[in-house]
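>>> Sequence and predicted structure below; questions after.
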Amino acid sequence: MIVYKSKAEIEKMRESGHVVARTLRLVSESIVPGKTTLLELDALADRLIREAGGIPSFLKYRNYPASTCISLNQVVVHGIPDATVLQEGDIVGLDFGVTLDGWVADGAWTYPVGAVAEPAQRLLNITREALYQGIAKAKIGNRIGDIAAAVQKYVESNGYAVVRDLVGHGVGRTVHEEPSVPNFGKAGKGPLLKEGMTICIEPMVNQGTWKVRTLPDKWTMVTADGKLSAHFEHTVAITREGPDILTLERD
């Protein structure tokens with residue numbers, strides 16, 4: 001069942017989204033090649049979220065062991081932070097949710113670690129733009145398939161592949177609500193977008209095949225061919241004025 005939110009409830013989610021955005025920015029500023037570990041990034045995010053009055057939504061969700069998912073290079077999503085040191089040329093995805101006053105927002109961004117090769121930077125650029133291509137379709141009267149088709153068309157026209165085993169989702173009182181928001185599909189299909197829907201749009205884009213595999217830890221998902229993957233995500237409300245991105249910092 002899709003849960004529609006009032007304007008007041010959307011404003012509550014915006015407060016959570018502000019914490020997501022601020023935490024992403026501050027954690028990304030601590031990415032130092034050859035020095036920063038994934039565990040340090042996780043600990044910093046946890047501290048910043050709690051200092052803002054929030055709770056890390058991912059911690060213990062379905063028994064997940066960390067406050068963030070940190071995905072390095074060929075890791076698509078759900079990377080468990082460990083003692084790995086970031087190296088010049090890596091790309092690293094930060095993904096987490098914040099629960100504040102009972103409302104959740106969820107966001108992700110993939111960052112270059114120092115100077116990265118042109119193919120890696122291009123992957124980041126295309127994946128980020130694919131997110132905004134999808135958001136542009138998040139309007140009353142459209143359907144989930146319009147978002148999905150826009151993302152897929154942009155990604156594939158630029159020579160990349162969208163992951164099909166993982167999708168975006170509704171969000172609100174919990175991290176995952178209905179509906180599912182795929183990054184592939186046909187325009188005009190799927191649930192109708194109505195005022196008050198709140199969804200996470202999150203393209204996961206691979207350099208090579210769209211296929212992925214899960215590591216023995218049962219969380220970490222990597223590209224099947226070992227090539228790079230990038231992930232960008234915003235929480236978006238469907239409003240009469242158009243798509244409203246909730247995971248932004250205050251002006």
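Looks like it came in fine. Numbering: from 1, shown residues only.
>>> okay, now the nearest residue to residue 237 once chain neighbours are set aside: neighbour count?
Using Cβ to Cβ, 6 or more residues apart in numbering and skipping the chain neighbours, the partner closest in space to residue 237 is residue 244 (4.3 Å). Yep, even glycine has a C-beta here, placed from its N, CA and C like the rest. Counted with other Cβ atoms under 10 Å, residues neighbouring residue 244 total 19.
>>> isn't residue 244 right up against residue 234?
No: the criterion here is Cβ atoms under 8 Å, and residue 244 misses it with residue 234 at 10.1 Å.
>>> Name the residues contacting each of those two.
Here residue 244 and residue 234 have no joint contacts, going by Cβ atoms under 8 Å, 6 or more residues apart in numbering.
>>> those strands in the stretch 1-150 of the chain, which residues are they?
With strands called from DSSP state E, counting those that start in this stretch, the stretch 1-150 of the chain shows them at 55-56, 69-72, 75-77, 91-100, 103-112.
>>> re the thing from before, separation between the residue nearest to residue 237 and residue 119?
34 Å (Cβ to Cβ, to the nearest Å).
>>> cool, and residue 1?
Counting by Cβ to Cβ, the gap from residue 1 to residue 119 is 43 Å.
>>> More neighbours: which of those two?
residue 119 (10 against 7).
>>> got a list of what the more buried one touches?
Taking Cβ under 8 Å, 6+ apart as the criterion, residue 119 is in contact with 207, 228.
>>> Equivalent analysis for residue 198, please.
Taking Cβ under 8 Å, 6+ apart as the definition, contacts of residue 198 comprise 5, 10, 13, 170, 171, 172, 235, 236, 237, 238, 246.
>>> Helices along the chain, start to end?
With DSSP state H, the ranges of helices along the chain come out as 7-28, 38-51, 118-135, 144-157.
>>> Ok, which of those comes nearest residue 211?
Closest to residue 211 of the helices of the chain is helix 144-157 (Cβ to Cβ; 14.8 Å).
>>> Could I have the CA atoms of the closest one written out in CSV?
Only the C-alpha atoms of helix 144-157 are listed here, as CSV (Å, rounded to 0.1, in the frame of the first residue of the first chain):
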residue,chain,number,x,y,z
ILE,A,144,6.7,5.2,-12.1
GLY,A,145,7.5,3.8,-15.5
ASP,A,146,8.1,7.3,-16.8
ILE,A,147,10.9,7.8,-14.2
ALA,A,148,12.3,4.4,-14.9
ALA,A,149,12.3,4.8,-18.7
ALA,A,150,14.0,8.2,-18.5
VAL,A,151,16.8,6.9,-16.4
GLN,A,152,17.3,3.8,-18.6
LYS,A,153,17.3,5.8,-21.8
TYR,A,154,19.8,8.3,-20.6
VAL,A,155,22.2,5.7,-19.1
GLU,A,156,22.1,3.3,-22.0
SER,A,157,22.4,6.0,-24.6
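>>> Which neighbouring elements make contact with that helix?
helix 118-135, strand 161-162, strand 177-181 (3 or more Cβ pairs under 8 Å, 6 or more residues apart in numbering; DSSP states H and E).
>>> can you pull the pLDDT of residue 250?
Listed pLDDT for residue 250 reads 86.
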